[in-house]
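Colleague: model this:
(one chain, ligands or ions: 2)
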Amino acid sequence: MNGVAQDGYYPGLEGVISSQTAISNIVERDGAGVLEYRGYRIEDLASRVGYEEAAFLLLHGDLPTRLQLGDFNERLRAARDLPGPLIRVLGELPGSASPMDVLRTSVSLLAHDDPDRDAAATDHAANVRKAERLIARMATAIAYRERLASGLAPIPPDDRLGHAANFLRMVTGEVPSEAMRRAFDGSLVLYAEHELNASTFAARVTVSTLSDLHSGIVAAVGTLKGTLHGGANEEAWKLLEAVGSPGRAEAWVAGALARHERLMGFGHRVYKKSDPRAVILKEYCREIAAEKGDDRWERIAEPIEVAVGRKGLPPNVDWPSARLYHYLGIPLRLYTPIFAMARVAGWAAHAIEQIDHNRLLRPRGRYIGPTHRGVSEIDRR
Ligand SMILES: CC(=O)SCCNC(=O)CCNC(=O)[C@H](O)C(C)(C)COP(=O)(O)OP(=O)(O)OC[C@H]1O[C@@H](n2cnc3c(N)ncnc32)[C@H](O)[C@@H]1OP(=O)(O)O
Ligand SMILES: O=C([O-])CC(=O)C(=O)O
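Modeller: Ligands and ions are numbered 1, 2, ... in the order given. Got it, this is the predicted structure:
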């Protein structure tokens, strides 16, 4: 029954087209996955534009001119600081709270301070402004909380730095090398959007009731957290560490598969041959490992990929991003929040597209329970 359609029932909604979209497209061509944002191939975007340009493309429909990019950057930088109530709550939430739970709460709180909070849910311009502020503020909130959780003083945003470098500096206290900035920026571009994945779908369902944009993003953050989706990048790192040496890879993978365990960072609902983002990220991993003069994790990752690949499961985006973030000195618990701070551009673009061409998202269930039951007196049940 798993994944097999029957009489209009598609388990997991596999293959179902629920919405038309002009934001991104995924196809398999010549045995490889192809991904485009608004008609631009992901390979071109990752090598030629930074996160801000990709986010502008997703939200506004085309790549920015130099003037548009300058204005967009100014708006993002002006929105980086956190409102007082959120700063207070970030200091008060229990230290044990997971960063994704804190991020979910942060987005919810940001709704109350947004200057457009009273705008109609259908106000396109207000929704774009809300989205831009969320892009800026989610990054600051993640870094701010991480510093507090580590017992360190938060580092304020630096107006001289772009989104990627500023975030790394707010977390680690250091301005990254140019190669590190480029790799991290590239990963944000690659994570920014991916059609009707589960978290984007959750955002679209939420706003399809004409709820507000922030509610859609709260739903998306909660959905991304799960280990079958965005949470897989943290699990992928744990897998790599558990294997621990190239020589153990083959037996470790065989054992896990024999126990029917899920190998995190492998497999995909849509890409059955290759995830193009994983191919690009693997190159960044190699470059940064070379810059650091330590290819230990590359040497462990390779035989794992080969062994899992024999089962027809290609690596997905979360497999190489895990070790890339390790190389960049990013704490493990931030891997999934970073996915969220990149994906907010795609979530918002989809939520706005949904609202602009709305039809309530409401599928049907196929009832398989008992029928025609009589209600007996409570003492006779
Ligand atoms: C950014 C992202 O969200 S990318 C995905 C991140 N998630 C992961 O990396 C988690 C690991 N991967 C998985 O769990 C899956 O591949 C998913 C959830 C991503 C896709 O799931 P589906 O579309 O339902 O998988 P699909 O129909 O292709 O495969 C089903 C079978 O393949 C096998 N399979 C698929 N992925 C894996 C995996 N990673 N490890 C082991 N077996 C797997 C399973 O045997 C499954 O059969 P089951 O019903 O006995 O469990
Ligand atoms: O598309 C999916 O199902 C999951 C994914 O790769 C993403 O959200 O980036």
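Colleague: from here on, contacts and neighbour counts on C-alpha atoms
Modeller: Fine.
Colleague: so the residue of the stretch 151-300 of the chain found nearest ligand 2 versus Lys311, what's the distance?
Modeller: At 4.0 Å from ligand 2, Asn197 is the closest residue in the stretch 151-300 of the chain, using Cα to the nearest ligand atom. Asn197 sits 24 Å away from Lys311, going by Cα to Cα, to the nearest Å.
Colleague: compare the two and say which is more crowded by neighbours.
Modeller: More neighbours surround Asn197 than the other of Asn197 and Lys311, with 15 against 11 (other Cα atoms under 10 Å).
Colleague: look at that one and report its pLDDT.
Modeller: Residue-level confidence at Asn197 comes out at 98, pLDDT.
Colleague: just use 648 as the starting number from now, easier for me
Modeller: New numbering, starting at 648: the last item is Asn844.
Colleague: give the contact list for it.
Modeller: Applying Cα atoms under 8 Å, 6 or more residues apart in numbering, we find Asn844 in contact with no residue.
Colleague: try it again with 10 Å
Modeller: 870-871, 876, 916-917, 994 (Cα atoms under 10 Å, 6 or more residues apart in numbering).
Colleague: not counting its neighbours along the chain, what's nearest the one residue in the stretch 648-797 of the chain that gets nearest to ligand 2?
Modeller: In the stretch 648-797 of the chain, the residue that lies nearest ligand 2 is Ile673 (8.9 Å; Cα to the nearest ligand atom). Spatial nearest neighbour of Ile673, chain neighbours left out: Leu682 (4.7 Å); criterion: Cα to Cα, 6 or more residues apart in numbering.
Colleague: wait, is the one you found part of a helix?
Modeller: No: the assignment for Leu682, made by DSSP: H, G, I helix; E, B strand; the rest coil, is strand rather than a helix.
Colleague: tell me which parts of the chain are close to ligand 1?
Modeller: Residues of the chain lying near ligand 1 by Cα under 6 Å from any ligand atom: 649-650, 875-877, 879, 908-916, 963-965.
Colleague: and the residues you listed, which are buried?
Modeller: Neighbour counting with 16 or more other Cα atoms under 10 Å marks 875-877, 879, 910-915, 963-965 as buried within the residues of the chain next to ligand 1.
Colleague: low-confidence regions, the protein specifically.
Modeller: For the chain, the stretches with pLDDT under 70 are 648-650.
Colleague: relative to Tyr791, how far out is the residue nearest to the spatial centre of it?
Modeller: For the chain, Phe986 is the residue whose C-alpha lies nearest the centre (Cα atoms, centre = their mean; 3.4 Å). Between Phe986 and Tyr791 the computed distance is 17 Å (Cα to Cα).
Colleague: mind checking the SS state of whichever residue of the stretch 748-897 of the chain sits closest to ligand 1?
Modeller: Ranking the residues of the stretch 748-897 of the chain by distance to ligand 1 (Cα to the nearest ligand atom) places His876 first, at 3.3 Å. The assignment at His876 comes out as coil when based on three-state DSSP.
Colleague: contact partners for it?
Modeller: So His876 contacts 844-846, 870, 911-912, 915, 965, 983 (Cα under 10 Å, 6+ apart).
Colleague: swap in Arg933?
Modeller: Here Arg933 is in contact with 939, 941-942, 944-945, 967, 971 (criterion: Cα under 10 Å, 6+ apart).
Colleague: and Ala905, by the same measure?
Modeller: Applying Cα under 10 Å, 6+ apart, the residues near Ala905 are Trp899.
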